[in-house]
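> Next comes the sequence, and after it the predicted model I'd like to discuss.
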Amino acid sequence: PKFFHDWLVGDFSFSEDEYYEEKKPINEGIKLIESGDYLKAFHYFSLADKQFPKNAFVYFYRGKCHYFFENIEAALQDFDKSLRLDSTIGDAFVMKGKCLYQLG
């Protein structure tokens, strides 16, 4: 769907990541998670939620940090908030399911 929308409006950038624009302002935090530095990433996203309160990926990635630290209830809250802001993030549904499974 995004391809057709971009084509109709004349945007031919064709980035590989469907959510490139939404992730762009928080790239530094995403790189921290990808490098395995979850503690720094957690602090980054905890500050970013004040700067970008409507960005679903801030809560998604902070939820991943909570999940890594086995703080499942806090992770579930962040995944829920992420999905309320953008219900098209499939990985957020997966992570929410994992949290619900672990909580029984």
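Here it is on my side, so go on. Numbers count the residues shown, from 1 in each chain.
> Would you mind pulling the contact partners of stretch 27-45?
23, 26, 48, 57-59, 61-62, 64-66, 68-69 (Cβ atoms under 8 Å, 6 or more residues apart in numbering). All C-beta atoms are positioned from the backbone trio N, CA, C, and that covers glycine.
> ok, now how distant is Tyr59 from Asp86?
Distance of Tyr59 to Asp86, computed by Cβ to Cβ, to the nearest Å: 9 Å.
> gap between stretch 44-55 and the chain center?
Its chain's C-alpha centre and that of stretch 44-55 lie 11 Å apart, by Cα atoms, centre = their mean, to the nearest Å.
> mind listing what's buried in it?
44-45, 48-49, 52, 55 (16 or more other Cβ atoms under 10 Å).
> Return the closest of the contacts of stretch 27-45 with respect to Gly97.
Nearest to Gly97 among the contacts of stretch 27-45 is Lys64, at 13.8 Å by Cβ to Cβ.
> does the closest one really touch Met95, like I thought?
Yes: contact status for Lys64 versus Met95: in contact at 6.7 Å, counting by Cβ atoms under 8 Å.
> what do these two both touch?
Joint contacts of Lys64 and Met95 (Cβ under 8 Å, 6+ apart) are Ala75.
> which residues of the protein score low on pLDDT?
1-17 (pLDDT under 70).
> what about 50?
The chain contains no residues with pLDDT under 50.
> thinking again about what came up before, out of the contacts of stretch 27-45, which are buried?
Buried among these (16+ other Cβ under 10 Å): 23, 26, 48, 57-59, 61-62, 64-66.
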